[in-house]
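[1] make a model of this:
(4 chains)
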2 protein chains.
Amino acid sequence: MSPEAAEVLESAAPAGRMSATDRREQILVAATAVFGAKTYVGTTTDEVARAAGVSQPYVVRLFGTKQKLYIEVIQRAYAHLLDAFAAALPGPVDERASRLGAAYTGLLAERGMLPVIAGSTQMGGETEIGQVAREGFSSLWHFIRVDAGFSADETRGFFATGMLINAVVGLRLTDDYGTGVSATEVLDECFPDALEKVRAFLPKVGEPW
Amino acid sequence: MSPEAAEVLESAAPAGRMSATDRREQILVAATAVFGAKTYVGTTTDEVARAAGVSQPYVVRLFGTKQKLYIEVIQRAYAHLLDAFAAALPGPVDERASRLGAAYTGLLAERGMLPVIAGSTQMGGETEIGQVAREGFSSLWHFIRVDAGFSADETRGFFATGMLINAVVGLRLTDDYGTGVSATEVLDECFPDALEKVRAFLPKVGEPW
DNA sequence: CACTGTAGTAATCGACTGATAACATGTCAA
DNA sequence: TTGACATGTTATCAGTCGATTACTACAGTG
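    As a prediction, this is how the structure comes out:
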């Protein structure tokens, strides 16, 4: 019934020859899942390759280095999030914040996307990767502040909530829902609308993404 | 004047023979700095050993495995933070939130402490480490909610702000202060009181902790 | 002083990982 | 058909890392 944990990361990969452009995108999807599940250093290029259904050297050759692959993964994740925000912008102004929030939790549907973004916020010490992460974060901030028209404090609150969601997801607090008091409260009282979404998409402890 | 970047991680280590208890604590301090700077998987036991001024096998023997060492580092970090919160509790009730917030940013003075806590919130997928991280987070939540008497929503806001600080620190956004619009705003308008502290203690991009 | 436990190191190993080189196969235009 | 380029693999390597083993040195006690 439930798929074997070890096989969750493996995507369908019967595809034969493919255009380099399509293959790149396929690898980026797989890489997002794996990097999100195992962090940057914790991920091997071979795991990404097998998740994408290609050989390890081919992944390296297509992207140059593991670091360059990761940078593309980050940039793609921030770009997707910006797209989701942009799509959630039109509509009643008084519901704008909740629509944008839903756009964020909606990223949970794309495997690895949210943990990749969360992980990127801890890579500021890396010279090249950190630069990309700061640019991504700043682009989000600019969108919420300028395009969405939030005040400085509203923007702060919006991002703060997002970072708390990152922690809740990263900690797998959903596993303690109903048993742990803190977990139940943080999920139940603080994310009533996101709760369903989060619990539905979140993997259990020990399970890969 | 300023110490060489490569030597920042190296602590004074002229000490000769030492009691195992003292040596453990010394290694935990060093390990907190290194784990905080390079993440769990990104850190080698040899780096921890050299930062503590002992040999690599000795670190492994004292703590059993790298994972057990990391678990002790996390537990120690959460315990220290709880202590800091407890110390900040007494005083005027209307300034309680800002005192507790200052207690959090005060952790920046202990090298690696804050990034270790931030990093632990992304380790929920690891069976054993995740358990420890969830327990640590829950203990903090319980303290703020119960001992400090915050409402559910106040607690949520307090933790959300903390997670945003983690991101700001992890991204090294301070490096863009004055040049990047987003960075300047998030620091200047949103953390006016913490700004000094953060900028004073934060390493620059590329520098280890 | 000898004995015993504790603190500590040097040497080394097996497993892993990112990257490279060499080779193979498929596609398509002329 | 054939040449030429793009897609892809197998084999392999050099470096790294956590852990184990075996050994050394010191301190306190009777």
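
[2] what kind of secondary structure is residue A:178 in?
    coil (DSSP: H, G, I helix; E, B strand; the rest coil).

[3] what's the burial count for it?
    Look at residue A:178: counted by other Cβ atoms under 10 Å in any protein chain shown, it has 10 neighbours. The C-beta positions use only the backbone N, C-alpha and C, and glycine is treated the same way.

[4] contact partners for the residue lying closest to it once chain neighbours are set aside?
    What sits nearest to residue A:178 in space, not counting adjacent residues and going by Cβ to Cβ, 6 or more residues apart in numbering or on different chains, is residue A:184, at 6.0 Å. Residue A:184 makes contact with A:176, A:177, A:178 under the criterion Cβ atoms under 8 Å, 6 or more residues apart in numbering or on different chains.

[5] export those to TSV and tack on distance to residue B:63?
    Listed next are the contacts of residue A:184 as TSV, based on distance: Cβ to Cβ, whole Å:
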residue	distance to residue B:63
A:176	27
A:177	32
A:178	34
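
[6] any part of stretch A:186-193 near chain B?
    Yes: Stretch A:186-193 reaches chain B (Cβ under 8 Å from any Cβ of the partner chain) through A:186, A:189, A:190.

[7] any buried residues in that stretch, and which?
    A:186, A:187, A:190, A:191 (16 or more other Cβ atoms under 10 Å in any protein chain shown).

[8] quick one: contacts for residue A:43?
    Contacts of residue A:43 by Cβ under 8 Å, 6+ apart are A:31, A:34, A:35, A:37, A:66.

[9] thinking residue A:77 is in contact with residue A:115, fair?
    No: using Cβ atoms under 8 Å, residue A:77 is not in contact with residue A:115, being 9.5 Å away.

[10] what's the host helix or strand of residue A:31 in contact with?
    Counting by DSSP states H and E, the element that carries residue A:31 is helix A:20-38. The contact list for helix A:20-38 (Cβ under 8 Å, 6+ apart) reads A:9, A:11, A:15, A:18, A:43, A:47-49, A:51-54, A:59, A:62-63, A:69-70, A:72-73, A:76-77, A:110-116, A:119, A:208-209, B:41, B:125.

[11] between the residues of stretch A:186-193 next to chain B, which sits nearest residue B:129?
    residue A:186 (19.7 Å; Cβ to Cβ).

[12] and the closest one, what element?
    Under the assignment here (DSSP H and E), residue A:186 is part of helix A:181-188.

[13] just to revisit the earlier point, among the contacts of helix A:20-38, name the buried ones.
    Applying 16+ other Cβ under 10 Å to the contacts of helix A:20-38, the neighbour count classes A:9, A:43, A:47-49, A:51-54, A:59, A:62-63, A:69-70, A:72-73, A:76-77, A:110-116, A:119, A:208-209, B:41, B:125 as buried.

[14] the next helix-or-strand element following the helix holding residue A:31 and DNA strand C in contact?
    As assigned by DSSP H and E, the chain's next helix or strand after helix A:20-38 is helix A:45-52. Yes: Helix A:45-52 is in contact with DNA strand C by Cβ under 7 Å from any atom of the strand, via A:45, A:46.

[15] show me how far helix A:45-52 is from its chain's centre.
    Computed by Cα atoms, centre = their mean, to the nearest Å, the separation of helix A:45-52 from the middle of its chain amounts to 18 Å.

[16] my guess is residue A:91 contacts residue A:99, does it?
    Yes: here residue A:91 reaches residue A:99: they are 6.0 Å apart, a contact under Cβ under 8 Å.

[17] if I look at the closest residue to residue A:113 other than its chain neighbours, how far off is residue A:148?
    Counting by Cβ to Cβ, 6+ apart, the nearest residue to residue A:113 once its immediate chain neighbours are dropped is residue A:107, at 4.6 Å. Taking Cβ to Cβ, to the nearest Å as the measure, residue A:107 falls 17 Å from residue A:148.

[18] how about residue A:167?
    For residue A:167 relative to residue A:148 (Cβ to Cβ), the value is 23 Å.
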